[in-house]
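J.: 3D model of this:
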Amino acid sequence: MQICAVVLEVQGNEFLYRACSGCKRTFPDSGKCICGSNTSLARYKISLRLGDESATIRAALFGDSLNALFGCSGEALNQALRKSLKLASDLPSMVRGALVGHRFLFGFRTADLVGCEAD
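T.: From the prediction side, this is the model:
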């Protein structure tokens, strides 16, 4: 499914998460993922509020789909953030400036939400 929508809001200030290098799920604090992998890497996750003429929705963008926006992988950005306090403090406003108020074409994959309620 695809929608053309305006980014109304970037939610939060964290744009990376520790992911299992095998299955890309959030890496557990125990140091070993349920898939058996014990290695992790930083991947992108951005939560947005999007709108078009008919509705607003919340969406999360993950992983490699954001490499083009940031110009590098999540792991490379994570390393740069560790080296630069200025970059770390400026990043939220830079992301908001690049996204909020701009129209993008978003492609979505949906999952069956058995037993879940919509908010």
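J.: From the centre of this protein outward, give me the first residue you hit.
T.: Centroid check for the chain by C-alpha atoms, centre = their mean gives residue 45 as the closest residue, at 1.7 Å.
J.: Surely that one is in contact with residue 62?
T.: Yes. Contact criterion C-beta atoms under 8 Å: residue 45 and residue 62 qualify, at 5.3 Å. All C-beta spots, glycine's among them, are computed from the backbone N, C-alpha and C.
J.: Now do the strands in this structure.
T.: 2-11, 16-20, 40-51, 56-62, 103-107 (DSSP state E).
J.: could you dump the ones you listed to a markdown table with mean pLDDT and distance to residue 76?
T.: A markdown table is the format used below for the strands of the chain (pLDDT from 0 to 100; distance: least, C-beta to C-beta, whole Å):
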| stretch | mean pLDDT | distance to residue 76 |
| --- | --- | --- |
| strand 2-11 | 94 | 20 |
| strand 16-20 | 93 | 11 |
| strand 40-51 | 94 | 9 |
| strand 56-62 | 91 | 16 |
| strand 103-107 | 91 | 23 |
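J.: mind putting these in JSON lines, distance to residue 83 included?
T.: Formatted as JSON lines, the strands of the chain follow (distance: least, C-beta to C-beta, whole Å):
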{"stretch": "strand 2-11", "distance to residue 83": "23"}
{"stretch": "strand 16-20", "distance to residue 83": "15"}
{"stretch": "strand 40-51", "distance to residue 83": "14"}
{"stretch": "strand 56-62", "distance to residue 83": "24"}
{"stretch": "strand 103-107", "distance to residue 83": "30"}
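J.: For residue 72, find the nearest of these.
T.: strand 40-51 (10.1 Å; C-beta to C-beta).
J.: longest helix anywhere in this structure?
T.: Counting residues, the longest helix found in the chain (DSSP state H) is helix 85-99.
J.: Report the mean per-residue pLDDT for it.
T.: Averaged across helix 85-99, pLDDT comes to 93.
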